[in-house]
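> sequence first, then the predicted structure, then my questions.
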Amino acid sequence: MDNMRLPVHRWFRYSAGFSAQWAATVIEESEAKHVLDPFGGSGTTVIAAETVGATGVGVDVHPFVTRIAKAKLAWRADPDVLIKRADEVRLEAGKGSPVTEPSSPLIAKCFPDREALLDLLRVRDAIERLRVGDEYDELLWLALVSIIRACSPAGTAQWQYVLPNKTKSRVAEPLSAFEARVELFAQDMWAMGSRRSAPEGQIMEADARTLEGVPDGWADLIVTSPPYANNFDYADATRLEQSFLGEIVGWGDLKPLRKKLMKSATQHMGGWDPAEALESPLLEPIRKELLAVFAELAKVRSTKGGNKAYDLMVAGYFLDSAKIWHALRRVSAPGVKVCYVVGDSAPYGVHVPVERWLGELALSAGFNEWRFEKVRDRNTKWKNRKHDHPLHEGRLWIEG
């Protein structure tokens, strides 16, 4: 089932790597007690763990997305109190107090109706003025950020990229959308009431390459979907929301976050020296093949006008992956099971055998064996695809 139909999971649409129901089934069938997701995102794995009685920990380096996940984990709060607090916010917003508008050009493009923007900003300011430092503050914040796109006529591409030049026919009115969103939250909180006694999950803002804060030998199951080596820029995925909140103004403000993210997009490679990867002993198991792919990508890149640094991206991606496997080995209990939902890649049409290289790096980090379970084919239907190399997606299972 689509995650956007499931209680709590549907509170914010974010690029999801897998079905929450599938994750819950894996956790339950494995009889795991401690479940880790090193790419926690908006909390899919952790919330799935809660629904089946396991303790989940999610780690993500993106502060905005981590805040979303933490807010979702407040689903145990009292829905009646949430509704009361939301009513107070709407009354405060209805006073029509002056607001400071975001200076981001993106907001001007996405909100041609200034009155709608002002209403949203009054909700934003009301939430901040009435903040008391509890979980309801964060639930109200999440209710606001989850309606920003619905209140803008700007279109959204697959994977959350904003398309200001494309418009959608249905645009929500801010105060009504906020009220409806809080009501949705409350309905889900009531529906989840029987699970309030389940172990509470945790979300940490930390780097998957170190997993700082996760104890040694803690996880008996790891379920995750790492970024694919396919040039998706996670820093850009929430640019509209962060611009609205005033956290960023322009494109350049994304640079600090991009430097923290896993090197899975060419936008993340600024100023990075590939020698760090090509000379690293961590990549010894795949070095020969990696060097060949790196050289071929560099050659093709020299013939392209866009000059996208796919060669650097692939080298950085697997160095980061090797570091992640060593971090996962540290936090894994004996007999751990790992499931990576992942797909292969072919930038500029040059194939990268992602799951095999990841499996070999996992063995090098101290895991015992790997196998790949193909789930579906990819790159088969998009008319604007850059190459016709067959790709696939599936589950990389790691044992021990």
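Okay, I see it. Numbers count the residues shown, from 1 in each chain.
> and the nearest residue to A346 once chain neighbours are set aside, what's its pLDDT?
Nearest non-adjacent residue to A346, counting by CB to CB, 6 or more residues apart in numbering: H389, 3.9 Å away. Where C-beta positions appear, they are placed from N, C-alpha and C, glycine not excepted. If you check H389, the pLDDT there is 80.
> also the one 10 residues further on?
Looking at E399, its pLDDT is 93.
> what residues does it make contact with?
E399 makes contact with 336-338, 367-370 under the criterion CB atoms under 8 Å, 6 or more residues apart in numbering.
> please, where are all the strands along the stretch 251-400 of the chain?
Along the stretch 251-400 of the chain, the stretches classed as strands by DSSP state E, counting those that start in this stretch are 332-343, 369-378, 391-399.
> how close does L106 sit to W218?
40 Å (CB to CB, to the nearest Å).
> and for L245?
Relative to W218, and taking CB to CB, L245 is found at 34 Å.
> where does the closest residue to G400 other than its chain neighbours fall, phi/psi-wise?
Excluding its sequence neighbours, the residue lying closest to G400 (CB to CB, 6+ apart) is N368, at 3.4 Å. Here is the backbone geometry of N368 (degrees, to the nearest 10): phi -90, psi -40.
> secondary structure class for R131?
Secondary structure, DSSP: H, G, I helix; E, B strand; the rest coil: R131 is coil.
> helices of the protein, start to end?
Counting by DSSP state H, the segments of the chain that form helices are 20-30, 44-51, 63-72, 79-93, 105-110, 114-129, 135-145, 174-191, 239-244, 255-260, 275-278, 287-301, 310-331, 354-364.
> could you list the low-confidence segments of the stretch 301-400 of the chain?
Scanning the stretch 301-400 of the chain for pLDDT under 70 picks out 379-388.
> ditto for the stretch 101-250 of the chain
Within the stretch 101-250 of the chain, the ranges that satisfy pLDDT under 70 run 157-160.
> relative to L163, which of the contacts of E399 is nearest.
V338 (36.3 Å; CB to CB).
> surely that closest one and I398 touch.
Yes - if you go by CB atoms under 8 Å, V338 and I398 touch, sitting 3.7 Å apart.
> quick check: neighbours shared by those two?
Going by CB under 8 Å, 6+ apart, residues that sit against V338 and also against I398 are 222, 362, 367.
> just name the most buried of the helices of the chain.
helix 44-51 (a mean of 28; mean count of other CB atoms under 10 Å).
> distance of the residue of the chain most remote from its centre relative to R122?
Most distant from the centre of the chain: K95, at 35.9 Å, with distances by CA atoms, centre = their mean. Counting by CB to CB, the gap from K95 to R122 is 8 Å.
> could you pull out the residues contacting both of the two?
Common neighbours of K95 and R122 (CB under 8 Å, 6+ apart) do not exist.
> pipe the strands of the stretch 251-400 of the chain into TSV and attach distance to F318 per row.
Shown next, in TSV, are the strands of the stretch 251-400 of the chain (distance: least, CB to CB, whole Å):
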stretch	distance to F318
strand 332-343	12
strand 369-378	15
strand 391-399	14
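> the residue lying closest to R85 once chain neighbours are set aside and V182, how far apart?
Excluding the flanking residues, the one nearest R85 by CB to CB, 6+ apart is Y136, at 4.9 Å. Note on Y136: its distance to V182, by CB to CB, is 10 Å.
> do P63 as well
Applying CB to CB to P63 and V182 gives a distance of 24 Å.
> before I go, just wanted to say thanks for your time.
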